[in-house]
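Asks: Structure for the following, please:
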Amino acid sequence: MQSTLQFGRFNFPWRGQGARARVMGILNVTPDSFSDGGNYQSLEFAISHAEEMVEAGVDIIDVGGESTRPGSPPVSLEDELRRVMPVLYAVRDMGPAISVDTYKPQVMREAIIAGVDMINDINGFRAPGAIEAVRDSDCALCIMHMQSDPQHMQLAPSYTDVVAEVIAFLRERIDAMLAAGIDPRRICIDPGLGFGKTVEHNYTLLKSTSRLIAELNMPLLAGLSRKSMVGAVTGKPVEQRMAGSVGGALAAVAQGALIVRVHDVAETVDALKVWNAAQ
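Replies: Residues are numbered from 1 along each chain as shown. Take a look at the predicted model:
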């Protein structure tokens, strides 16, 4: 039974001895991210923020050069490479694992050359050439579910059974990657909270974290930091959703999530330390 996620230069146990949740810190190098857009655009500021996350105890730094907030327009390949690649080269030797958040095969290829440890694809490696771009690397590969696309995903999300449909999608993508010869130990799954889901869909999926892991037999990444599902429950604007986001991260970890993708690294790391001590 698979028990370790191969993560480039790292191996992350997710069952049995040594298993613990990992904190993935978000490093957006975009002008329009929904939460911290523009804050870390320059290389100097991006490096500074990465160093802050390292000091706070981050396990993985996830670099993204294209906003995927609801309604966001696509970014050209050239612009994404220009934003992402200098940052990847600058942070790859800081100590934590490095992930790149992209759905473009050429960005995947360039990131692999730069030495990243994970490709985090909101499109589930469906773009032509995406699987081929990552097949022969040793990167971890995160398959995310998204209904529609960022421009349209929140217009009218609809499911008959959101959990069953997300599981079916993820299973199909896992099968496609296995058929291409990709080692299952490199694969993890992400239900795509906030990506083509209502608040009710999101919480149904969050409450079904353990079912997703059990039925797909894959480690799971949960990303709900500062999203509207947190705001809907707390009534807080984006910049005041830290406490709610940490609570959501702990809810996912309690059901077996291996990775929580967060903006508030220090607070999440501390919360997990206390949570782990209480187990």
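
Asks: CA atoms for contacts and neighbours, from now on please.
Replies: Noted.

Asks: can you map out the helices along the protein?
Replies: Counting by DSSP state H, one finds helices in the chain at the ranges 43-56, 77-91, 105-114, 130-134, 162-179, 199-207, 209-216, 228-234, 242-254, 265-277.

Asks: for the ones you listed, which one ends up most surrounded?
Replies: helix 242-254 (a mean of 21; mean count of other CA atoms under 10 Å).

Asks: average model confidence for stretch 179-191?
Replies: In this model, stretch 179-191 has a mean pLDDT of 98.

Asks: Just the endpoints, please. Distance across that stretch?
Replies: End-to-end distance for stretch 179-191: 21 Å, by CA to CA, to the nearest Å.

Asks: next one: stretch 65-77
Replies: 10 Å.

Asks: mind listing what's buried in that stretch?
Replies: 65-70, 72 (16 or more other CA atoms under 10 Å).

Asks: And the residues you listed, which is the shakiest by pLDDT?
Replies: Minimum confidence in the buried residues of stretch 65-77 sits at Pro70, scoring 69.

Asks: And Gln2, how far from Asn217?
Replies: In terms of CA to CA, Gln2 sits 8 Å off from Asn217.

Asks: ok, the two, which is more surrounded?
Replies: Asn217 (16 against 12; other CA atoms under 10 Å).

Asks: Now the more buried one. Its backbone dihedrals?
Replies: The phi and psi values for Asn217, taken as degrees, to the nearest 10, are phi 50, psi 50.

Asks: residue contacts, Phe10?
Replies: 97, 117 (CA atoms under 8 Å, 6 or more residues apart in numbering).

Asks: Bridge partners for it, pull those for me.
Replies: Under the criterion DSSP bridges, Phe10 forms beta bridges with Phe7.

Asks: And it, how far from Asp138?
Replies: 10 Å.

Asks: Kindly report the same for Ala222.
Replies: 22 Å.

Asks: ok, back up a step: please tabulate the helices of the chain in a markdown table, including the columns distance to Arg20.
Replies: A markdown table is the format used below for the helices of the chain (distance: least, CA to CA, whole Å):
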| stretch | distance to Arg20 |
| --- | --- |
| helix 43-56 | 17 |
| helix 77-91 | 24 |
| helix 105-114 | 26 |
| helix 130-134 | 26 |
| helix 162-179 | 23 |
| helix 199-207 | 19 |
| helix 209-216 | 15 |
| helix 228-234 | 24 |
| helix 242-254 | 9 |
| helix 265-277 | 8 |
